Structures are given as structure tokens and as C-alpha cells.
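Novice: Predicted coordinates and the sequence they were generated for:
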Protein chains: 2
Amino acid sequence: MAIVALAGGIGASKLLLGLSRAMDPRELTVIVNTGDDIVLHGLSISPDLDIVTYTLAGLVNPDTGWGFPDETFRTLDQLAVYGRPGWFHLGDRDLATHIHRTALLRAGSRLSEVAESIRQSLGVASTILPMSDQPVPTIIETELGRLHFQEYLVERRAEPVVRAISFDGIEHARPAPGVLESIERASSIILCPSNPLISVGPILAVPGVREALRKRRRNVLAVCPIVGGKSLKGPSDRMLAQLGLEVSACGVARMYQDICATLVIDPVDSAQSAMIESLGMKALVYPTVMRTLDDKERLAREILRFSANQATGVSA
Amino acid sequence: MAIVALAGGIGASKLLLGLSRAMDPRELTVIVNTGDDIVLHGLSISPDLDIVTYTLAGLVNPDTGWGFPDETFRTLDQLAVYGRPGWFHLGDRDLATHIHRTALLRAGSRLSEVAESIRQSLGVASTILPMSDQPVPTIIETELGRLHFQEYLVERRAEPVVRAISFDGIEHARPAPGVLESIERASSIILCPSNPLISVGPILAVPGVREALRKRRRNVLAVCPIVGGKSLKGPSDRMLAQLGLEVSACGVARMYQDICATLVIDPVDSAQSAMIESLGMKALVYPTVMRTLDDKERLAREILRFSANQATGVSA
């Protein structure tokens, strides 16, 4: 059963790890946000691709959810001697990924080819696709002016008030090879519990992706990243609020209403089920807070069971 | 008293360290070979520039003569996971220099501007100039085919038999800003005890440099890198022999005859003095084997004393 997952970084990778254990990981295709990508020190950095790849390889730092464990920062310390900014923490092992990616891109490879090469080198069985081979940096318009998403999130700790979000160059971006095809062919498509604005949002904004999902709406399921009115991870809640959007499961349902038939919500939000169903979506109530590996695998199994039943027409 | 030194890597840096201690280091300009430069992993690496800069900054690894001390190789180890070759040992701190240089070059800086920036960051008082801002890779024609100099020296450990040496693109290279001017204005010009074929040779091959030195011949002094028929450092001796050149102080004298009035030779080679002088050069006999910091400083002081006397017309 081919499963496609749309993913941002840390929040998504928890569910992806569960999925990769609850199913044949070779049947899983992950379409990853690249709006977070940034060039720093001349190196092409793809934070969400790396988080997903390292996680599925079993190599991610379990304490942070990104990077490798037991990292050292000797290169970054020396870069500071040359006056280079150190706010984006690049470990020595992690830097190898960025050096390798940059070298391949400079030699003419596409980002999707690079992602495939890194996946193979790290022994990941699932397919990992960037949303697009074209750079589409997420720009946050804030009270302090335009900031690259990483400048907003990491350098400024998501403190500036957000006024608007845009994806620079999105009108010229094309889905990476395999993105539309995998959505068309999947038994189920899962929107991971990632920030709907700046993790899933950029993927949906790539021309053709939202339309492809709309056609598969019945088989699209989202895991709500807002639980009890708060983000599971990161600044989704404050970003939604600052943009005047509703910070609730129901608010997320409205954002995905046209492309998604099923929203998985946490028991703390079960009172919103009726309102979600009034939007023409099914509300599935499962625990969505994934603290342990068991939590991740259990949620993944519930989603896969529901999806399999739905695919064969059996009522869940 | 402005001194210019033409330098390769490790051999030269010993004398340069002595010079920088025996004189006002701000009066020293080093013109450095860049024929050894190589792009590896997409990074622009300038081994001789870095050896000279790290040495004059007091930061070089004293055990190897290159790189930083107490280096770790975590990035290189991870690069190997991605299938990248590890024969060129790039430490984690050292990589910062290459990342920084590559980023500046990509942003449009010239190599000479990058060298100046790195020198300042590391607190070096002397001026450090690459021989040229244009890449001029040294190509070694061997029994195994054409090899980049680093492939010949480091990857193949200088084992293949050398048939010819060329500097790729040398006809289009121009001396970096300051190179000709510093030679014209210097009180003395010192050819460091570096490999005459592949360290000093590329500098002399940059159009205009040999001519500029010829005009200053009386004030050019070379320290012979061949002592007792052997290289002080590296494969000079076997390269000279494989190319049919004489492996001796006298052989070096012949290579520098047109540009250099004085050759400093070691006491073990004093029997060659007469033959060197028959070439129209003065042979100065000083101990040239520099093991300790004292050795380096003593040789530097002797050279500076001789040069000062010569500049003022006093017989040494």
C-alpha cells in the first residue's frame, strides 16, 4: 500500500518514524518542504530534508530532533573567527551533508537527485522528495521587515510579529519529479502534523500540488498540529494568531478543507468534532501527542488501519 | 627595509617565521605559490597560502607544518559516508578557511582579497599575496598520465615518475595586485627554500614576474632547498632527477641564474661555491637546515644582515 506523506521538519519526522516502523518503509514516499532552505557560508542547507532523512536513517539527534547526536562545532567556531554569523548551528558532521549537497548542486545535479543520493548513502529505505527542485524561500514579513524564514525562526527566535508569509519565486516553481505522480498513485496521502503555514503551506503552494491533492481529497488525511489551542512544536500557534487565523483544530480544518477528507484530532479537541464534520470532513479522534517511539508507532498504525479500511471501502 | 619573499609551503614557512621574528613583520611581503590550489568537495583550497598564513599567525600545527594543531576530522569522516574521497586531509577547523574562501570567491572576491581578509582575521602583520588571482593548477605529467599536483603529491605520495610539469592556463594569468609593485620596491627579494620546480617555479612562470626579478637580480637572494644532494622537504630531489636536472646546489643555481645574484648554501655544499660563483652568482655559506625556532631566526638574521649591507653597498 503506497503511502505519501507531506512533511515539514521535527513535528513531521515523529510521525514519519512511526510510519516507517508500522509499514514497509519502501512503500512510503515523503514530500518535504524546502521553503526553509537557506544558503549560509555559501553552503546550500535544506533543514527539513535533513531532519526527515536523518530521522528515517535512525541517525538524528534524539534530544533536538535535528542534526546528528554528539555533534562538535569546531568549523562553526573557526568560521566565527572569520566574522561569519554563528546563529545557525551547523555541527561538524552535519556540515558534510551541506558541503556534499552544495558540491553536487554546483556540478549540475538537481536537489531531488541530491536528496536521493543522501538518502541512499544514509541507508533510508523510503523515498524522499523535495517539494520542488527550484529554490522557493519562505519570506516572513514582520514588524522588522522581510526576513528569511530561518532568520525569523532561528536568528530572531520567532519573536517578531508576523504580518504576512510569502514563498519567493513560487509562481515559477515546479513540483520535483515524482511529486505529482506519487500523489496520484498513493493509496493514502498524509499531511503530517507540521506548521500549516510554513511547513505544509509551501508544499501546497507549488503549482499543481494543491490541485493534485484536491483530486485525491477522499484519500487525504491530515494530523492536526494544533492540540488544545497550542502548537505541538514550533511557533505555529503564534503565527496563526498574528495572521488573524483561528488557533484550533477547527482552524486547521478550514485551511485543509478543500484537499483533505479526514482530520486526526487529539482527544482534548474532541468537542470540535461536530464543527469539523460540518465542514465536510471526518474528524478522527486519536492521541496525537507523540512523546515516545511507541506513541509514534501507535498513531501511525491507527492512521494506516483507517486508511486501509477506507481504501477498501470498509467503514472505519 | 621592505623585504619580499617568494614562498611555497612548509619549507618556505620555516624561513618566513624566522624573518617575521628577525624584522618588523609589517615590512615583509610574501608572494605565495597557488599552483597547488585545488577544488575538492566544491571547496577552493589554497594549501600554500594557508600554510604561510597559519604559520605567520602562530597557529600552524607544529608537528605537520600545515593545518591547525589538535585537529578533528569529523566532517571528512562524514563526507566519506557520502562517497567523497578522503585522501586530502581536511580538519574541521581548517575546513572553515576553505568554506569562507569559497563563499567569498563565489560572491565575487578575488583570491588576493580573500587572502588579505584571512590574514587580517588571523592577526598576521605581514602582507600575503597569492602569485595570481587566476587559477593556474600545476599539472604533473607522469607515467600514469596527467595528475593535478595534489593528486601526485598527496594521493599518490609522489610515487609516479615525473615526465613534465606544466601550469595550466599560465599564459592568461596575471600577477596579483601588488606582486610586481612589491618586487620593484623591495630592498631585497628572497626566494625561500621551496621546491624550485613546483613551488617557486609557478610564481616565476606568471607572466611578468621573472622579468621583474631579472631587473632586481642584484637584490635577489635564494636559499637553496637542496642540501647534500637531497631535498630539505618534499620530493624536489626525485622530481629534479626524473626530469634529468642536477640534484645539487649548483643545479639550483643554474635554475635561478638569470634572476638571482646570491645563493645561500649549506656548509655541507661549500665545495660547490666556486662552481656557483663561476655562474656569476655569489655563494653564501650558512647553515640552512632549520630544525628549531632559533635555527629559523638565525638564518633569517644572517640573510637580512647580508641584504642590508648589500643594499647600502657594504661588502658582506
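Specialist: Looks like it came in fine.

Novice: near chain B, which residues of chain A?
Specialist: Contact residues, chain A versus chain B (CB under 8 Å from any CB of the partner chain): A:41-43, A:68, A:72, A:74-79, A:81-84, A:92-97, A:99-100, A:102-103, A:106-107, A:117-118, A:121-122. (Glycine included, C-beta is placed from N, CA and C.)

Novice: mind checking the backbone torsions on A:Val32?
Specialist: phi -110, psi 140 (degrees, to the nearest 10).

Novice: Equivalent analysis for A:Leu76, please.
Specialist: Torsion angles, degrees, to the nearest 10, at A:Leu76: phi -60, psi -40.

Novice: residues touching it, list them.
Specialist: For A:Leu76, the contact set (CB atoms under 8 Å, 6 or more residues apart in numbering or on different chains) comprises A:86, A:89-92, A:95, B:96.

Novice: So for it, what's the pLDDT?
Specialist: A:Leu76 carries a pLDDT score of 97 in this model.

Novice: same thing with A:Gln310?
Specialist: Looking at A:Gln310, its pLDDT is 82.

Novice: and A:Thr127, backbone torsions?
Specialist: phi -80, psi 130.

Novice: quick one: the helices in chain A?
Specialist: Listed in chain order, the helices of chain A (DSSP state H) span A:10-22, A:47-56, A:74-81, A:92-106, A:111-121, A:149-150, A:179-185, A:200-205, A:209-215, A:236-242, A:249-256, A:273-278, A:293-311.

Novice: Next, format those helices as TSV and append distance to B:Ser236.
Specialist: Output for the helices of chain A, formatted as TSV (distance: least, CB to CB, whole Å):
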stretch	distance to B:Ser236
helix A:10-22	55
helix A:47-56	45
helix A:74-81	32
helix A:92-106	33
helix A:111-121	40
helix A:149-150	49
helix A:179-185	57
helix A:200-205	57
helix A:209-215	61
helix A:236-242	64
helix A:249-256	70
helix A:273-278	79
helix A:293-311	60
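
Novice: Please identify the most buried of those.
Specialist: For those, average neighbour numbers computed from mean count of other CB atoms under 10 Å in any protein chain shown are highest in helix A:47-56, which has a mean of 26.

Novice: Export it to CSV, keeping only CA atoms.
Specialist: Presented in CSV, the C-alpha positions along helix A:47-56 are these (Å, rounded to 0.1, in the frame of the first residue of the first chain):
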residue,chain,number,x,y,z
PRO,A,47,16.9,21.7,7.1
ASP,A,48,13.6,19.8,6.6
LEU,A,49,15.1,17.4,4.1
ASP,A,50,17.9,16.6,6.5
ILE,A,51,15.7,16.3,9.5
VAL,A,52,13.5,13.8,7.7
THR,A,53,16.4,11.9,6.2
TYR,A,54,18.4,11.7,9.4
THR,A,55,15.3,10.6,11.3
LEU,A,56,14.4,7.9,8.9
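
Novice: Are there helices or strands packed against it, and which ones?
Specialist: helix A:10-22, strand A:28-32, helix A:111-121, strand A:127-130 (3 or more CB pairs under 8 Å, 6 or more residues apart in numbering or on different chains; DSSP states H and E).
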